[in-house]
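[1] give me a model of this one.
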Amino acid sequence: MSETLRSFRRNAVHVRQALDRLQQETGKVQVDGGYLSDEGLIERYKRLSIPVRRALNPTDRASFAHAFATLGEGPAAEPAVMRPIGERWQALQHELDSTVGLGGSKVPRREILAAWLEAAAFYDKLERDRAYDRLMDRYGKAAESIGAELTESAARLILVLDEAAATALGEPVILPLPVKTPPPPPDPKERWWRRLWQRRDKDTD
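    I've put the predicted structure just below:
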């Protein structure tokens, strides 16, 4: 149980950080094709979309469904805590299964969210993958607001389950930031001037 919940919690750290940062940032709202468009929206959601995408993937080690089932079966499970979380999870699933009219057809919100998360997670300014272009071609600008809203709803629910997991594990809700891997020590056989030159190149990047 502990390893499953810890995998979920390690991913939830990134959800919490990205959601906090997102709420502190604002974009420039403009009208684009009849829709309110937030300039730079997908760039700002990139950081949040990656861990949310993992949590919504049932086969991922950090999946919400796996963590919820594991926590519910554990000895520390409290029905008063788990029941509301389960109800919110089912409500989110119901919303994702509902449809919205786009391009003259009914499209499940789950399909829009999946396309949005993929486009945001792999987005870069050069658009090598073109996932965002495909999203716009298929669903139009409305997919941005729908995807962003559903992403935030899922993120908040992930954090609620994370708090329950923290209690079950006896851990603090706010985990420390992941420790970055330190750089390897210099090769003693490498000439000093080569190390100096490499450091200079790194500082100018």
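
[2] can you pull out the helices in this protein?
    2-24, 41-55, 64-73, 79-97, 109-121, 131-139, 142-169, 192-203 (DSSP state H).

[3] any low-confidence regions in the chain?
    1, 26-39, 125-129, 177-205 (pLDDT under 70).

[4] rewinding a little: mind putting the helices of the chain in CSV, distance to Pro176 and mean neighbour count included?
    In this view, the C-beta of every residue, glycine as well, is placed from N, C-alpha and C. Below are the helices of the chain laid out as CSV (distance: least, CB to CB, whole Å; neighbours: other CB atoms under 10 Å):
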stretch, distance to Pro176, mean neighbour count
helix 2-24, 9, 17
helix 41-55, 17, 21
helix 64-73, 20, 18
helix 79-97, 24, 13
helix 109-121, 25, 22
helix 131-139, 33, 16
helix 142-169, 13, 19
helix 192-203, 27, 10
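
[5] could you dump these to a markdown table with distance to Leu175?
    Formatted as a markdown table, the helices of the chain follow (distance: least, CB to CB, whole Å):
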| stretch | distance to Leu175 |
| --- | --- |
| helix 2-24 | 5 |
| helix 41-55 | 13 |
| helix 64-73 | 15 |
| helix 79-97 | 19 |
| helix 109-121 | 22 |
| helix 131-139 | 30 |
| helix 142-169 | 8 |
| helix 192-203 | 30 |
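
[6] quick one: which of the ones you listed is nearest Gly103?
    Closest approach to Gly103 among the helices of the chain (CB to CB): helix 131-139, 6.9 Å.

[7] and the angle for the closest one with helix 41-55?
    Per axes from the mean of the first three to the mean of the last three CA atoms, to 10 degrees, the angle that helix 131-139 makes with helix 41-55 is 90 degrees.

[8] and helix 131-139, what does it pack against?
    helix 109-121 (3 or more CB pairs under 8 Å, 6 or more residues apart in numbering; DSSP states H and E).

[9] can you list contacts of the helix it packs on?
    Outside helix 109-121, the residues within contact range by CB atoms under 8 Å, 6 or more residues apart in numbering are 42, 45-46, 48-50, 52-53, 56, 95-100, 102, 131-132, 134-135, 138-139, 143-144, 146-148, 150-151, 154.

[10] repeat the analysis, applying 7 Å as the threshold.
    42, 45-46, 49-50, 52-53, 95-98, 100, 131-132, 135, 139, 143, 146-147, 150-151 (CB atoms under 7 Å, 6 or more residues apart in numbering).

[11] what does stretch 74-94 give?
    Met1, Phe68, Leu71, Gly72, Ser153, Ala154, Leu157, Val160, Leu161, Ala164, Ala168.

[12] from Phe8, how far out is Trp89?
    13 Å (CB to CB, to the nearest Å).
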